[in-house]
Every structure is written in structure tokens, then in C-alpha cells.
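In: need coordinates for the following:
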Amino acid sequence: MSRPPEKPFVLDADALEPAVPVQDAPPVPEMGELPPQGAAMVRATRTAARRGSWLGRLALSALAGLLTMMIGLAAWDFVLGLFARAPALGWVAAGLAAIVGLALVVIVLRELAGLSRLARVDRLQTRATDPEARRDRALALDVSRRLRGFYAGRAELRLPLEDLERREDDILDADALMHATETALFAALDAAARAEVEAAARQVAAATALVPLALADVAVALAANLRMIRRIAEIYGGRAGTLGSWRLMRGVARHLLATGAVAVGDDLISSVAGGGALAKVSRRFGEGVVNGALTARVGIAAMEVCRPMPFAALPRPRVTRLVQRALTGLFG
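Out: Numbering: from 1, shown residues only. From the prediction side, this is the model:
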């Protein structure tokens, strides 16, 4: 059986896109001209998220215990030696040693109190994120009263707390009660937290742009982010100590790495564009803009971790807006 002849293929020349002249084609980027990627913040986040093996932690714990015993024994021998040679100096040394011991006990108690406070925030957050609290008024009322008790001693929240308590019986819907609670308690706290994020983003951007050393910007970014997370926790009532701050920093860093949020994404397009424009003038300035944007993203994640209620009635902060407010005029 013979095949029927194929129909001719008609190509409409008018439908074709006009060819781009060679002189109008975009230039091929040279090697080394990649857009800024915020290397300092990426390294700092990975450093904070890294957790050593159990063997390394065991070795560090044993080393810390050994050093503590050595220092304590040396101090004990020193004080006894002073008592033998000069009793008056021995009593002075014993008093100073007692002060040091008392200070260490106070520090340990403060750290434990900070960890306990963070655990209380976690419990409140668990209750507030329960979907049933948005449907059951009894659960919503319980969450609202627990949050009011948690923030009862805050002077800046005295008037919102009193207003919320007066309107409590008039709000019959569970979701409306949760919205009213969030608006009353967290409007001012969110503003304070955003100011901390903007300050940290400005500091990291300036350090990246001005510090020429390769690892110095990483250290500055890590320290600024740790200070920012600690301040955000204090704003929301966490009052994290040194151990609590490191725990929060590790949790935020792991969350960012797990979700890929430490990389340049859609919410950083404007910042990357600004960083690319500045990179034509100075590579360090471009990296500073992107590192500041990544710091803002870390700050938003810290707000979500430390905030006892999720963002619902109040808008979640945007990276672009925070970066614009933080870096306006910094590289102008």
C-alpha cells in the first residue's frame, strides 16, 4: 500500500520574532562576575546550625570538668598557702573566692531561669497554634488569659491589656478573640522586634562592606545575629541567657537551612538587584546588601520562633521592606 503524499509545511515568516542584532545582545558575563550571594551570612548560618558529634561533645564536657577541677584545686591550695604565710591575706583571698563562687551560682540560676522562660514561651506557642483554639471559644479564652498573665508585668502593654480585659466578654467568636488578643499584645512588640532586625541588618551590611578581612565579616555577622535573636527573645518575653541564645540561634539556623531560606529567593529579588547594582561599583557593597537582606530573613524567622502567637491578624514582616528601611542611605 502506497503512503499518501504529505501535506506541505507552511511557515509564516511574519509570525517569527525578529532576530536580535549582535550589537544589541546582552554581554556574556565574565568569570567572577556572579551576583552577590551573601557568603558571610551563609557561612555564619551554617556555622550556627552545625552540631558536633556526640564524641566531640563528650570530650569537651570532660575537658571543661577537668579544667574546673584544676582551677578549683589551685585556688584552694593558694588560699591555704596564704593562711599559712599571712592569715590576713588568707581571709581576703577566701572572701574573694566566696564572691566568685556566689557569682557563678547566680549565673547558673539565671541561665536556668532563662531556659525555663523559653520553655514557657514554647508552651504558649503550642497552645496558640492549635487550630481548635480558633474554633472553640473556651480554648481561645484560655490562650488569651494565659498570654495576659505572661505579659502582666509589661508597662508598655498595660493599657492594651486593660482594654482587652474589658472587651473579653463582648467577643463571642473564638477566632475574633484570638485576633483581638494578637492585635492588643503584639502590635507594639512587633514594631520593637522589627527595629532590632533593621539595626542588625544595617550592622551586618556595613561590616561586610567595610571590613576587608575574609573571616571578620563572618564573625561580625554571627555576633550581630546572635545579639539580634537574644534581643527579639527579650522583646517577646523570652529573656534568653547565653545558653538560651545559642539554642535559639541554632534552632533558627536549622530552620533556615532545612527550608532553603538562607539562599537567595523570591523575597530577596529587590535586594539582590540592589546588591548587583552596587557590585558594579564595589563587590563588597553588593555583598553587604545581600548579607543585610539575609540577616533580615534570619530576624523574621527569629520573630516567628520567639513570638508566642503566630502571625494572623497582624501582617508578617517582609524582607524587602525591612531591608529598604534598614539600608536607606547607608551606601548612598
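
In: quick one, helices of the stretch 51-200 of the chain?
Out: In the stretch 51-200 of the chain, the segments counted as helices under DSSP state H, counting those that start in this stretch are 54-85, 87-128, 137-150, 158-167, 174-210.

In: for the third one, buried residues please.
Out: In other words, helix 137-150. 137, 139-141, 143-144, 146-148, 150 (16 or more other CB atoms under 10 Å). To be clear about C-beta, it is placed using only N, CA and C from the backbone, and glycine gets the same treatment.

In: between those residues, which sits nearest A75?
Out: F150 (41.5 Å; CB to CB).

In: just list the residues touching that closest one, thanks.
Out: Neighbouring residues of F150 by CB atoms under 8 Å, 6 or more residues apart in numbering: 120, 124, 237, 308.

In: repeat that with 10 Å
Out: Shown in contact with F150 (CB atoms under 10 Å, 6 or more residues apart in numbering): 117, 120-121, 124, 185, 236-237, 308.

In: again with R137
Out: Applying CB under 10 Å, 6+ apart, the residues near R137 are 144, 171-178.

In: tell me the confidence at it?
Out: pLDDT recorded at R137 is 91.

In: repeat that for L157.
Out: The model reports L157 with a pLDDT of 90.

In: what of G292?
Out: The model's pLDDT for G292 equals 83.

In: for A103, same thing?
Out: pLDDT for A103: 92.

In: how close does it get to Y151?
Out: Distance of A103 to Y151, computed by CB to CB, to the nearest Å: 30 Å.

In: neighbour count winner among these two?
Out: Per other CB atoms under 10 Å, whichever of A103 and Y151 has more neighbours is Y151, with 20 against 10.

In: so what's that one up against?
Out: Neighbouring residues of Y151 by CB under 10 Å, 6+ apart: 157-158, 160-161, 184-186, 189, 236-237, 308.

In: could you export the contacts of R137 as a markdown table, including pLDDT?
Out: Supplementary listing: these in a markdown table, determined by pLDDT from 0 to 100:
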| residue | pLDDT |
| --- | --- |
| S144 | 92 |
| I171 | 89 |
| L172 | 88 |
| D173 | 91 |
| A174 | 90 |
| D175 | 91 |
| A176 | 92 |
| L177 | 93 |
| M178 | 93 |
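
In: re the thing from before, and of the contacts of Y151, the nearest to A98?
Out: Each of the contacts of Y151 was checked against A98 using CB to CB; the closest is G237, at 33.9 Å.

In: assign that closest one to helix, strand or coil.
Out: Here G237 takes the coil state, with states given by DSSP: H, G, I helix; E, B strand; the rest coil.

In: neighbours of the residue nearest to A301 when sequence neighbours are not counted, how many?
Out: Closest residue in space to A301, ignoring its immediate chain neighbours: V252 at 4.9 Å, by CB to CB, 6 or more residues apart in numbering. Other residues within reach of V252, judged by other CB under 10 Å, total 28.

In: next: A180.
Out: 21.

In: angles on the backbone of the nearest residue to it once chain neighbours are set aside, please.
Out: Distance criterion CB to CB, 6+ apart; nearest residue to A180, sequence neighbours excluded, is I171 at 5.8 Å. The phi and psi values for I171, taken as degrees, to the nearest 10, are phi -100, psi 110.

In: I171 against A184, yeah?
Out: No. Using CB atoms under 10 Å, I171 is not in contact with A184; the gap is 11.1 Å.

In: need the residues touching each of the two.
Out: In contact with both I171 and A184: 144, 164, using CB under 10 Å, 6+ apart.

In: quick one: which of those two has more around it?
Out: The neighbour count for I171 versus A184, taken as other CB under 10 Å, is higher for A184 (23 against 19).

In: where in the chain is pLDDT low?
Out: 1-54, 212-215, 240-241, 251, 253-284, 286, 329-332 (pLDDT under 70).

In: write the PyMOL selection for whichever of the contacts of F150 are buried.
Out: This is the PyMOL syntax for the buried subset of those, where burial follows 16+ other CB under 10 Å:
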select buried, resi 117+121+124+185+236+237+308
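
In: before we move on, the earlier item: can you tell me which of the contacts of R137 are buried?
Out: 144, 171, 174, 177-178.

In: for G244, state which of those is nearest.
Out: Minimum distance to G244 across the buried ones among the contacts of R137 is 26.0 Å, recorded for S144 (CB to CB).

In: I'd guessed the closest one sits against D175; true?
Out: No. The criterion here is CB under 10 Å, and S144 misses it with D175 at 11.9 Å.

In: where do the contact lists of the two overlap?
Out: Overlap of the contact sets of S144 and D175 (by CB under 10 Å, 6+ apart) consists of 133, 137.

In: what is the burial count for R202?
Out: Neighbours of R202 (other CB under 10 Å): 22.

In: what's near enough to touch it?
Out: Applying CB under 10 Å, 6+ apart, the residues near R202 are 224, 288, 292, 295-296, 323, 325-330.

In: sorry, back to before: as TSV, the helices of the stretch 51-200 of the chain with distance to A302 would be great.
Out: Putting the helices of the stretch 51-200 of the chain into TSV (distance: least, CB to CB, whole Å) gives the following:
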stretch	distance to A302
helix 54-85	25
helix 87-128	12
helix 137-150	19
helix 158-167	23
helix 174-210	8
